[in-house]
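S.K.: dropping the sequence and predicted coords here.
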Amino acid sequence: MKTALIALLGLILTINSGCKKKDVPPPSGKSVTERLTQQTWIFQEAGLDGDKNGTVDQQDPYLQPCRKDNLVTFNSNGTGVNDEGPTICTAGAPQTVPFVWSLSNGDKNLTVDNTTVTIQEITDNTMKVYFDTLVLGTTYRYLTISKH
(Lines give C-alpha, C1' and ligand atoms only; values in the text may rest on other atoms or scores of the structure.)
Protein backbone atom coordinates (compact mmCIF):
# COMPACT_ATOMS: atom_id res chain seq x y z
CA MET A 1 0.00 0.00 0.00
CA LYS A 2 2.59 2.57 1.04
CA THR A 3 4.83 1.61 -1.88
CA ALA A 4 1.97 2.24 -4.29
CA LEU A 5 1.35 5.68 -2.84
CA ILE A 6 5.04 6.49 -2.92
CA ALA A 7 5.30 5.39 -6.52
CA LEU A 8 2.23 7.34 -7.56
CA LEU A 9 2.54 10.41 -5.50
CA GLY A 10 5.99 10.23 -3.91
CA LEU A 11 4.30 10.48 -0.59
CA ILE A 12 7.00 10.64 2.01
CA LEU A 13 8.04 13.32 4.45
CA THR A 14 9.11 16.57 2.81
CA ILE A 15 12.54 17.71 3.90
CA ASN A 16 13.24 21.32 2.95
CA SER A 17 16.48 21.47 1.03
CA GLY A 18 16.95 25.16 1.70
CA CYS A 19 16.84 25.89 -2.04
CA LYS A 20 14.56 28.71 -3.09
CA LYS A 21 11.78 27.32 -5.23
CA LYS A 22 9.31 29.15 -7.38
CA ASP A 23 5.77 28.85 -6.06
CA VAL A 24 3.48 27.85 -8.89
CA PRO A 25 -0.11 28.72 -8.05
CA PRO A 26 -2.91 26.86 -9.74
CA PRO A 27 -4.28 28.60 -12.82
CA SER A 28 -7.00 31.06 -11.91
CA GLY A 29 -10.53 29.89 -11.40
CA LYS A 30 -10.07 26.69 -9.39
CA SER A 31 -8.59 25.96 -6.00
CA VAL A 32 -5.98 23.29 -5.35
CA THR A 33 -8.70 21.15 -3.74
CA GLU A 34 -10.93 21.49 -6.80
CA ARG A 35 -8.11 20.49 -9.13
CA LEU A 36 -7.03 17.61 -6.87
CA THR A 37 -10.52 16.15 -6.63
CA GLN A 38 -11.92 16.77 -10.11
CA GLN A 39 -10.84 13.43 -11.66
CA THR A 40 -8.82 10.29 -10.99
CA TRP A 41 -5.06 10.75 -11.32
CA ILE A 42 -3.12 8.33 -13.50
CA PHE A 43 0.57 7.70 -12.80
CA GLN A 44 2.91 8.93 -15.56
CA GLU A 45 6.49 8.87 -14.28
CA ALA A 46 8.70 9.17 -11.22
CA GLY A 47 12.37 9.64 -10.49
CA LEU A 48 15.07 12.14 -9.67
CA ASP A 49 14.73 15.80 -10.66
CA GLY A 50 18.39 16.78 -10.41
CA ASP A 51 18.00 20.38 -11.52
CA LYS A 52 14.68 20.81 -9.66
CA ASN A 53 12.89 22.15 -12.74
CA GLY A 54 9.83 19.89 -12.60
CA THR A 55 10.96 17.21 -15.04
CA VAL A 56 12.23 13.74 -14.26
CA ASP A 57 15.92 13.64 -15.23
CA GLN A 58 16.51 10.03 -14.17
CA GLN A 59 13.70 7.47 -14.07
CA ASP A 60 13.37 5.43 -10.89
CA PRO A 61 14.99 2.09 -11.84
CA TYR A 62 13.37 0.36 -8.86
CA LEU A 63 9.81 1.30 -9.73
CA GLN A 64 7.97 -1.94 -10.40
CA PRO A 65 5.94 -2.14 -13.64
CA CYS A 66 2.86 -3.12 -11.61
CA ARG A 67 3.02 0.30 -9.89
CA LYS A 68 2.98 2.18 -13.18
CA ASP A 69 -0.72 1.53 -13.84
CA ASN A 70 -1.98 2.70 -10.44
CA LEU A 71 -4.80 5.21 -10.11
CA VAL A 72 -5.52 7.61 -7.26
CA THR A 73 -8.81 9.35 -6.56
CA PHE A 74 -9.07 12.19 -4.06
CA ASN A 75 -12.57 12.93 -2.73
CA SER A 76 -13.55 16.42 -1.60
CA ASN A 77 -14.34 15.15 1.91
CA GLY A 78 -10.66 14.36 2.65
CA THR A 79 -10.81 10.67 1.78
CA GLY A 80 -9.51 8.86 -1.26
CA VAL A 81 -8.83 5.53 -2.90
CA ASN A 82 -5.63 4.04 -4.29
CA ASP A 83 -6.46 1.56 -7.07
CA GLU A 84 -3.85 -1.00 -8.11
CA GLY A 85 -4.98 -0.72 -11.72
CA PRO A 86 -4.96 -3.69 -14.12
CA THR A 87 -1.74 -5.17 -12.69
CA ILE A 88 -1.70 -6.02 -9.00
CA CYS A 89 1.78 -6.38 -7.52
CA THR A 90 0.95 -8.92 -4.83
CA ALA A 91 -1.43 -11.81 -5.46
CA GLY A 92 -4.37 -11.62 -3.10
CA ALA A 93 -3.79 -7.96 -2.30
CA PRO A 94 -6.88 -5.76 -2.40
CA GLN A 95 -7.64 -3.94 -5.65
CA THR A 96 -8.34 -0.69 -3.81
CA VAL A 97 -7.15 0.79 -0.51
CA PRO A 98 -8.76 3.83 1.12
CA PHE A 99 -6.76 6.73 2.55
CA VAL A 100 -7.25 10.13 4.15
CA TRP A 101 -5.65 13.31 2.83
CA SER A 102 -5.27 16.98 3.69
CA LEU A 103 -3.60 20.15 2.42
CA SER A 104 -1.45 22.47 4.54
CA ASN A 105 1.05 25.30 4.30
CA GLY A 106 -1.17 27.42 2.05
CA ASP A 107 -2.14 24.37 -0.04
CA LYS A 108 1.53 23.71 -0.90
CA ASN A 109 1.84 20.46 1.07
CA LEU A 110 -0.26 17.35 0.52
CA THR A 111 -0.46 14.77 3.29
CA VAL A 112 -1.78 11.26 2.62
CA ASP A 113 -1.99 8.89 5.59
CA ASN A 114 0.67 10.80 7.62
CA THR A 115 3.04 11.15 4.65
CA THR A 116 3.66 14.63 3.22
CA VAL A 117 4.89 15.86 -0.16
CA THR A 118 5.16 19.30 -1.73
CA ILE A 119 2.91 20.19 -4.63
CA GLN A 120 5.17 21.66 -7.28
CA GLU A 121 2.40 22.12 -9.84
CA ILE A 122 -1.26 21.27 -10.19
CA THR A 123 -3.35 22.12 -13.25
CA ASP A 124 -6.52 20.69 -14.72
CA ASN A 125 -4.46 17.89 -16.30
CA THR A 126 -1.14 17.53 -14.48
CA MET A 127 0.03 17.10 -10.90
CA LYS A 128 3.70 17.19 -9.93
CA VAL A 129 4.62 16.40 -6.33
CA TYR A 130 8.02 15.91 -4.77
CA PHE A 131 9.98 15.30 -1.63
CA ASP A 132 13.57 16.20 -0.91
CA THR A 133 15.78 13.84 1.02
CA LEU A 134 19.33 14.07 2.30
CA VAL A 135 21.58 11.10 1.50
CA LEU A 136 25.22 11.16 2.59
CA GLY A 137 25.27 14.95 2.65
CA THR A 138 23.59 15.44 -0.74
CA THR A 139 19.97 16.55 -1.20
CA TYR A 140 18.00 14.64 -3.82
CA ARG A 141 14.56 15.56 -5.15
CA TYR A 142 12.18 12.71 -6.01
CA LEU A 143 9.44 13.86 -8.37
CA THR A 144 6.24 12.07 -9.29
CA ILE A 145 4.05 13.19 -12.19
CA SER A 146 0.42 12.16 -12.59
CA LYS A 147 -2.13 13.17 -15.20
CA HIS A 148 -5.83 12.87 -16.01
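M.R.: It's in. Numbers count the residues shown, from 1 in each chain.
S.K.: my guess is Gln64 contacts Cys89. True?
M.R.: Yes. Contact criterion Cβ atoms under 8 Å: Gln64 and Cys89 qualify, at 6.0 Å. Backbone N, C-alpha and C define where each C-beta goes, glycine included.
S.K.: neighbour-wise, which of these two wins?
M.R.: The residue with more neighbours, out of Gln64 and Cys89 and counting by other Cβ atoms under 10 Å, is Cys89; that gives 15 against 12.
S.K.: helix, strand, or coil at the more buried one?
M.R.: The three-state label given to Cys89 by DSSP: H, G, I helix; E, B strand; the rest coil is coil.
S.K.: and the closest residue to it other than its chain neighbours, helix, strand or coil?
M.R.: On the basis of Cβ to Cβ, 6 or more residues apart in numbering, the spatially nearest residue to Cys89 that is not a chain neighbour turns out to be Cys66, at 4.0 Å. The local conformation at Cys66, judged by three-state DSSP, is helix.
S.K.: mind listing what the nearest residue to Asp113 once chain neighbours are set aside touches?
M.R.: Distances taken as Cβ to Cβ, 6+ apart put Phe99 closest to Asp113, at 4.8 Å, once the chain neighbours are dropped. Contacts were defined as Cβ atoms under 8 Å, 6 or more residues apart in numbering; by that measure Phe99 touches 5, 79-82, 112-113.
S.K.: switch to 10 Å and redo it
M.R.: 1, 5, 11, 72-74, 78-82, 112-115 (Cβ atoms under 10 Å, 6 or more residues apart in numbering).
S.K.: cool, Gln59 as well?
M.R.: Per Cβ under 10 Å, 6+ apart, neighbours of Gln59: 45-48.
S.K.: just the pLDDT at the residue located most distally from the centre of the chain, thanks.
M.R.: Centroid-distance maximum for the chain: Gly92 at 25.2 Å, with Cα atoms, centre = their mean. Among the per-residue scores, Gly92 holds a pLDDT of 91.
S.K.: hang on, it in a helix?
M.R.: No. Residue state for Gly92 (three-state DSSP) corresponds to coil; a helix is not indicated.
S.K.: that's a strand at Arg35, yeah?
M.R.: No. Counting by three-state DSSP, one finds Arg35 to be helix, located in no strand.
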